[in-house]
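[1] Give me the fold of what follows.
(one chain, ligands or ions: 1)
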Amino acid sequence: MQNTEPGPKNYEIALYSFPEREHARLAYQTDNLEIQMSTSSVEATVKIQPEITPIPLMQLATAFWGFKTLATAVDMDLFTHLSSSPMSASELARWFNIEERPAEMLLTGCAGLGLLEKQDGRYRNTPLADTFLARSARYYFGGFVTMLNRRLYSGWDRLPDAVRTNKPTTWDPDKQKSLFEGADPAMMGTFWKAMHSLSIFTARALGEAVDFGGFRDLLDVGGGSGAFDIELCMRYPKLSATVYDLPFVTDIAAEKIAEAGLSDRIGTEPGDFFADPKFPTDHDVILLSMIMHDWSELDDRAILRKCYEALPKGGTVVISELLVSDDKTGPAPAALMSLNMLVETVGGRNYTPAEYSAWLNEVGFRDVRVVWFEAAGANGAVIGYKPK
Ligand SMILES: C[S@@+](CC[C@H](N)C(=O)[O-])C[C@H]1O[C@@H](n2cnc3c(N)ncnc32)[C@H](O)[C@@H]1O
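    The predicted model follows:
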């Protein structure tokens, strides 16, 4: 295969087993590809638009190499070690009691992925790794990487089953009540640690994009570890909050809130948003972060109805999610999170602003608007107001 013309790429392919007919010629052209074949020269020319190469496919197909490199390094707590002392390959090999060959390959891989840089023969964290992958970091992201590695990687390996059966692959709906209830406690511990590390920086982005300064008291429905409450209360000194979640989860939240020194402003309310006829009242804003995508449209509308009833006149509901575009063509992070809901839930998926707007209007909210931002766990918030 060789490039025969300057300028636009023109690939020429010699066909050694072309049929014997002389001067046979095949020309095929689409917008992106032109193929011409001639038996007289027993060769074919494939013209391809210069910007079309298989490199994006290589990147997609080998994305798991990058992920597994990151996950292995996180599992070994490599970035925590390197944050205090940069190391050469031989020093790292001694530290982990491994051979130098894999030590060097792992360090080179992490450097290639933009997680490490090399100076004077030693590898150190890049700002990205130092900010999000050293265990003591405020916005530690490693918990989410660990959950992807230990739980979702094998679940996604069975994505074809999920597509064929429309059932989750990470748990058995015949044996468990939901993704969140009845699972192995160790795995669930990993799950909420993961949620915290995904949500804490997402909460920061939400707090920057949406002004919570005018609110007095937030109810965080399905608030998990309390990541949003902690981050928003730190940013808005007049805000108080309540994490409303299943009883064993509010225990996890209470610990995180105490660690952040915010127990005087953030409370917990054990409950069940399906079984409880009403949500706690006396809150002027309700947050639903990564709740709606766990459930079916029917369940979500029931949750939104209870939000509406619990809010005072003029109250606000904020749905924070990775929103799929109204025409359902992406964006990739939201569309792939939606597939993750196929692997993880019975009826959930990532919804569009148009879908949320319709349901919010249906239960009585008005002036529905979307605020876009960029974060790992959300790309926007759909906000509705209960009329005064
Ligand atoms: C994907 S997590 C989102 C957690 C949190 N909002 C965040 O963004 O970090 C979903 C949360 O919904 C909670 N949840 C699930 N079923 C619930 C129920 N029936 N009642 C209350 N909370 C529930 C789970 O315990 C979990 O904390």
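
[2] Would you confirm that F180 contacts P247?
    No. Taking C-beta atoms under 8 Å as the definition, F180 is not a contact partner of P247, at 11.6 Å. The C-beta positions use only the backbone N, C-alpha and C, and glycine is treated the same way.

[3] Tell me which of those two has more neighbours.
    More crowded of F180 and P247, by other C-beta atoms under 10 Å: F180, with 19 against 11.

[4] Now do the contacts for the residue in the stretch 51-200 of the chain that the ligand sits nearest to.
    In the stretch 51-200 of the chain, no residue comes nearer to the ligand than S199, which is 3.4 Å away by C-beta to the nearest ligand atom. By C-beta atoms under 8 Å, 6 or more residues apart in numbering, the contact set of S199 is 224-225, 227-228, 289-290, 377.

[5] Downstream of the helix or strand containing it, the next helix or strand is which one?
    Secondary structure from DSSP states H and E places S199 in helix 185-209. Per DSSP H and E, the first helix or strand lying C-terminal to helix 185-209 is strand 217-221.

[6] starting at the chain centroid, how far to whichever helix or strand comes after that next one?
    For strand 217-221, the succeeding helix or strand toward the C-terminus, using DSSP H and E, is helix 227-235. With C-alpha atoms, centre = their mean, to the nearest Å as the basis, helix 227-235 stands 20 Å off its chain's centre.

[7] what pairs with the helix or strand following helix 227-235, and is each one parallel or antiparallel?
    Of the helices and strands lying after helix 227-235 in sequence (DSSP H and E), the nearest is strand 240-245. The partner list of strand 240-245 in its sheet, established with DSSP bridges, is strand 217-221 (parallel), strand 266-270 (parallel).

[8] ranking the ones you listed by burial, who's on top?
    strand 217-221 (a mean of 25; mean count of other C-beta atoms under 10 Å).

[9] Export only the CA atoms of that one, formatted as CSV.
    Extracted in CSV, the C-alpha atoms of strand 217-221 (Å, rounded to 0.1, in the frame of the first residue of the first chain):
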residue,chain,number,x,y,z
ASP,A,217,-32.7,24.9,53.3
LEU,A,218,-32.0,22.1,50.8
LEU,A,219,-33.6,18.7,50.8
ASP,A,220,-31.3,16.3,48.9
VAL,A,221,-33.6,13.4,47.9
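
[10] what's the angle from it to helix 185-209?
    Between the axes of strand 217-221 and helix 185-209, defined by axes from the mean of the first three to the mean of the last three C-alpha atoms, to 10 degrees, the angle is 140 degrees.

[11] Show me how far strand 217-221 is from its chain's centre.
    With C-alpha atoms, centre = their mean, you get 23 Å for strand 217-221.

[12] Now tell me what touches it from outside.
    Outside strand 217-221, the residues that touch it by C-beta under 8 Å, 6+ apart are 212, 226, 228-229, 232, 239-244, 273, 279-280, 282-289, 291, 303, 307, 310.
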